[in-house]
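> Dropping a prediction and its sequence here:
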Amino acid sequence: MKKKAKWSNLRFSVLASGSTGNACYIETDQSRLLVDVGLSGKKIEGLFKKIQRDPKHLDGILVTHEHSDHIKGLGILSRRFKLPIYANEKTWLAMESQIGAIPTDLKFQFDCERVKTFGDLDVESFGVSHDAASPQFYVFHHEGKKLTLATDMGYVSDRIKWTVKDSDMLIFESNHDIDMLMMGRYPWNIKRRILGDQGHVSNEDAGEALAEIIGDRTRRVYLAHLSKDNNMKDLARMSVQQTLEKHGYQIGEELGLYDTDAEHPTELITV
Ligand SMILES: [Zn+2]
Ligand SMILES: [Zn+2]
């Protein structure tokens, strides 16, 4: 007998994304998690209001790496609502001086290439190449659904592609347009950092990587961590779309490309 299809109750909203601050909210009926707190505590609370959720109900905060656009409000939010923080050992060491004192009972270790279970939500961590102590991102598994969050990748390694392959939805880095970056006002050493293997993924490279990652069940890709100076939403979307179409994908109802914003949360959506 065929099993009746069940509604998933895995939901998420990208609260904010970009070089000015990152935070992503993920929930099921049993668990509520936040990944990164790259904005002030006050701003984060405002973003939670916009999706009709309250940070005091969070089960924990997962940290990707110690750059300030990911941990700016971390200490404040954790202390205010007594929220457990999860990060790997090297990230804890690198960020401790920046986030203020965290009580021991709120400090947890979440190592790279591990799976942790929060109620009915399994979270898998994977390492990325980026100029931080030990950056890691996450894949969320719930009742057969797979949601990937992957930004701040210097480049998309085969290992990452394999880990995030055939996700139902992805929040995926599309940081800069190479021409805008090259012609822009950034000094050469910064340009070199962004373009390098430990910097950020360009629109062009995001499209090429996604062409290998997207599978039959992939419905939505949210383009994330866009540079304020070296990218534009339309440009990122067009560039990724063109690359995907070159590889035979059709962008439309079955597979959509979506924006994220530096200041406004994406609609809380069911995966
Ligand atoms: Zn970073
Ligand atoms: Zn970042």
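Sure thing, it's come through. Numbering: from 1, shown residues only. Ligands and ions are numbered 1, 2, ... in the order given.

> Next, find the distance separating the nearest residue to Gly100 once chain neighbours are set aside from ligand 2.
Sequence neighbours aside, Gly75 is the residue nearest to Gly100 in space, at 4.1 Å (criterion: CB to CB, 6 or more residues apart in numbering). For glycine as for every other residue, the C-beta is placed from the backbone atoms N, C-alpha and C. To ligand 2, Gly75 is 18 Å away according to CB to the ion, to the nearest Å.

> burial measure for Gly75, as a count.
For Gly75, the neighbour count with other CB atoms under 10 Å is 19.

> Against ligand 1, how distant is it?
Between Gly75 and ligand 1 the distance is 18 Å, computed by CB to the ion.

> So which residues of the protein form strands?
Taking DSSP state E, the strands of the chain run over residues 11-16, 23-27, 32-35, 60-62, 85-87, 107-109, 115-118, 121-127, 136-142, 145-150, 169-173, 220-224, 256-259, 269-270.

> Would you mind telling me which of those is nearest ligand 2?
For the strands of the chain, proximity to ligand 2 was assessed by CB to the ion; strand 169-173 is nearest, at 8.7 Å.

> can you give me the helices for the protein?
With helices called from DSSP state H, the chain shows them at 41-50, 68-71, 74-81, 89-99, 158-164, 178-183, 188-195, 203-213, 233-246.

> before we move on, back to that, residues contacting the residue nearest to Gly100?
Gly75 is in contact with 98-102, counting by CB atoms under 8 Å, 6 or more residues apart in numbering.

> hmm, 7 Å instead?
By CB atoms under 7 Å, 6 or more residues apart in numbering, Gly75 lies in contact with 99-100, 102.

> Make a PyMOL selection of whichever of those turn out to be buried.
A single PyMOL command is used to select the members of the contacts of Gly75 judged buried by 16 or more other CB atoms under 10 Å:
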select buried, resi 99+102
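
> Could you report the distance from the residue nearest to Asn175 when sequence neighbours are not counted to ligand 2?
Closest residue to Asn175 apart from its sequence neighbours, by CB to CB, 6+ apart: His200 at 3.6 Å. In this view, His200 and ligand 2 are 8 Å apart by CB to the ion.

> ok, now Lys246?
Computed as CB to the ion, the Lys246 to ligand 2 distance reads 28 Å.

> can you dump the C-alpha coordinates of stretch 237-257 into PDB?
Written as PDB, here are the backbone C-alpha positions of stretch 237-257 (Å, rounded to 0.1, in the frame of the first residue of the first chain):
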ATOM      1  CA  ARG A 237      19.400  36.100 -10.200                       C
ATOM      2  CA  MET A 238      19.900  36.600 -13.900                       C
ATOM      3  CA  SER A 239      23.400  35.300 -13.800                       C
ATOM      4  CA  VAL A 240      22.600  32.200 -11.900                       C
ATOM      5  CA  GLN A 241      19.500  31.600 -14.100                       C
ATOM      6  CA  GLN A 242      21.600  31.900 -17.200                       C
ATOM      7  CA  THR A 243      24.100  29.400 -16.000                       C
ATOM      8  CA  LEU A 244      21.500  27.000 -14.900                       C
ATOM      9  CA  GLU A 245      19.700  27.300 -18.200                       C
ATOM     10  CA  LYS A 246      22.900  26.600 -20.000                       C
ATOM     11  CA  HIS A 247      23.000  23.300 -18.100                       C
ATOM     12  CA  GLY A 248      19.500  22.500 -19.200                       C
ATOM     13  CA  TYR A 249      17.500  23.600 -16.200                       C
ATOM     14  CA  GLN A 250      14.300  25.500 -16.500                       C
ATOM     15  CA  ILE A 251      13.600  28.200 -14.000                       C
ATOM     16  CA  GLY A 252       9.900  28.600 -13.300                       C
ATOM     17  CA  GLU A 253       7.200  27.100 -11.100                       C
ATOM     18  CA  GLU A 254       9.000  23.800 -10.500                       C
ATOM     19  CA  LEU A 255      12.400  25.400  -9.600                       C
ATOM     20  CA  GLY A 256      12.500  29.000  -8.500                       C
ATOM     21  CA  LEU A 257      15.300  31.400  -7.600                       C
END
